[in-house]
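[1] Sequence plus the predicted model coming up.
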Amino acid sequence: MKFAPSITFGTASGANYHQIKLTYPSGFTDTAEFPIRDLYVFKPVCYLNNNRIRKCTIDVDNNFILMNFQFSLTANTAYHIYFSILDPRNVDINGFLAT
């Protein structure tokens, strides 16, 4: 999807983050992230303008996705947002092969 902020986001630092909150309909099925040893299943992954967002979380109880980032964005500029749920056990849904 595309995101065009109405204000400029300056560069943040330290414990300060900008936040984008995406609300999704309750009709979508979702599963909370869980670990199997060192493997995280149903891990949310977010990209904003081809930058991987390290603080990407999904709240399955309230149906929203949070992206916290520190880089700057310019007002009225279109940015691409990509969101996915990784299931490394299943290559068909953004997972990966054991090899």
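    Okay, I see it. As the structure is a computational prediction, the values presented were derived from the model and not from experiment.
[2] how close does residue 1 get to residue 88?
    Counting by C-beta to C-beta, to the nearest Å, the separation of residue 1 from residue 88 is 24 Å. Just so you know, the C-beta spots here come from the backbone N, C-alpha and C atoms, and that holds for glycine as well.
[3] more crowded one of these two?
    Under the criterion of other C-beta atoms under 10 Å, the comparison of residue 1 against residue 88 puts residue 88 first, with 17 against 8.
[4] For the more buried one, which three-state class applies?
    The three-state assignment at residue 88 reads coil, by DSSP: H, G, I helix; E, B strand; the rest coil.
[5] Verify the stated contact: it with residue 37.
    No - under the criterion of C-beta atoms under 8 Å, residue 88 makes no contact with residue 37, lying 11.5 Å away.
[6] Residue 89 versus residue 31, what's the distance?
    In this view, residue 31 and residue 89 are 12 Å apart by C-beta to C-beta.
[7] Apologies, that question was intended for residue 47.
    Applying C-beta to C-beta, one obtains 22 Å for the distance of residue 47 from residue 89.
[8] Adjacent strands (with direction) for the worst-scoring helix or strand of the chain on mean pLDDT?
    Least confident helix or strand, the chain: strand 39-41 with a mean of 81, by mean pLDDT, DSSP states H and E. Paired with strand 39-41 in the same sheet, following DSSP bridges, are strand 34-36 (antiparallel).
[9] contacts for the partner strand?
    With contact meaning C-beta atoms under 8 Å, 6 or more residues apart in numbering, strand 34-36 is reached by 40, 41, 42.
[10] 10 Å - rerun?
    The set of residues that contact strand 34-36 without belonging to it, under C-beta atoms under 10 Å, 6 or more residues apart in numbering, is 40, 41, 42, 43, 88, 89.
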